[in-house]
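Enquirer: sequence first, predicted model second:
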Amino acid sequence: MKLFFCSVLISVVTLGFTGCSNSTKKEKKDDILAGVLPVAVDETVLPLFLEQKEVFESSYYNAKIEEHANSEVQVVNSLLNGDVAFAVLTRQLTEEEQKGFKARSVTPRIYSVAYDGIILVGNIGDADTSVNVSDIPELMKGNKVTDYSLVFDNLNSSVFRYFRELGKIEKVANTFVEAKDGAEAVLKEVAEKRGKVGLISYNQFLSLESSFSEKDKIRILSVVSEKDGAKKYVKPSQTSFATGEYPLKREIFVLNYQPNLGLGIGFSAFMTGDRGQRIVLKSGLLPYTMPGREIIIRDKIN
């Protein structure tokens, strides 16, 4: 019906056809606050991303964010294969991974959004309440340095990669390592079996904490931190992230490889701006930039 309406107007008033055509083009045009943006998201930081997406879309009705949550390996592959041009990860691309973009003269816009942490979860019935970070790579190498075994969310996850890099491990032994299908499955395994330590992101734990039915059977373990020669037992929190005391803190990045000034610019600006940083703060993670506080000063007190 719209096409017929335009064709009728062209024989009467040429201006009417021009107006109809332009409005159609404007509806399809993408800009920094309108259009559709496919985003590949590391599933370990998906809860924070979904909060950002919800507020952004409710504020900008012409913007649609399509998230594709996967393991870190799959997210990176989506970027390299050109399936998406925008990703949220806990690392930046390596020099080798960036070669294809450089060959096409695509300059990325990379921004820091927040600080998260990897947490260690144990069964409430186990005697151990703390873990030495150095024990984890040793267990991954197959060396029995303690009585517990490790449970990861995914062998392609950013959590697993973090400890592989920490221990400079080429091949992981499966003697004391197992993988489940996601963070909730890790918590369930630890809750039901003693002698196991689960490794997931703090963001995932905070998201699952209220709904996980067996939370009374698990606890977050302290991580031994040695700073200035003093040994300290630290748990993840906004404070321990801010002070740098928590040794398993990590940064969350926005990687925008869009070649043009599209919706990726607007969404990045939102997440790194005051409103986005307030969402980070409310989520329990540490904002990359602490949002300001408004102080109202009154001359008179009624």
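Expert: That came in fine, so what should we check first?

Enquirer: on the three-state scheme, the residue nearest to Val113 when sequence neighbours are not counted is what?
Expert: Nearest residue to Val113 in three dimensions, chain neighbours excluded: Ile252, at 4.8 Å (Cβ to Cβ, 6 or more residues apart in numbering). In this view, the C-beta of every residue, glycine as well, is placed from N, C-alpha and C. Here Ile252 is strand, with the state taken from DSSP: H, G, I helix; E, B strand; the rest coil.

Enquirer: list the contacts of Ile252.
Expert: 45, 48, 88-90, 112-116, 285, 288 (Cβ atoms under 8 Å, 6 or more residues apart in numbering).

Enquirer: among these, name the buried ones.
Expert: 45, 48, 88-90, 113-116, 285, 288 (16 or more other Cβ atoms under 10 Å).

Enquirer: which one of those residues is nearest Lys99?
Expert: Using Cβ to Cβ, Leu89 comes nearest to Lys99 of the buried ones among the contacts of Ile252, at 17.7 Å.

Enquirer: how about the closest one: what's its closest non-neighbour residue?
Expert: Nearest one to Leu89, counting by Cβ to Cβ, 6+ apart, is Asp42 at 5.1 Å.

Enquirer: same deal with Ala242?
Expert: In space, Ala242 is closest to Leu286, 5.7 Å off (Cβ to Cβ, 6+ apart).

Enquirer: look up how far Ile169 lies from the one you found.
Expert: 28 Å (Cβ to Cβ, to the nearest Å).

Enquirer: those two: who's more crowded?
Expert: Leu286 (25 against 15; other Cβ atoms under 10 Å).

Enquirer: about what we covered before: my read: the residue nearest to Ala242 touches Ser240, true?
Expert: No. The pair Leu286 / Ser240 is not scored as a contact, 9.2 Å apart, by Cβ atoms under 8 Å.

Enquirer: would you mind measuring from the residue nearest the centre of the chain to Glu251?
Expert: Of all residues in the chain, the one closest to the mean position by Cα atoms, centre = their mean is Val45, 2.8 Å from it. The spacing between Val45 and Glu251, counted by Cβ to Cβ, is 10 Å.

Enquirer: shared neighbours, these two?
Expert: Joint contacts of Val45 and Glu251 (Cβ under 8 Å, 6+ apart) are 90, 116.
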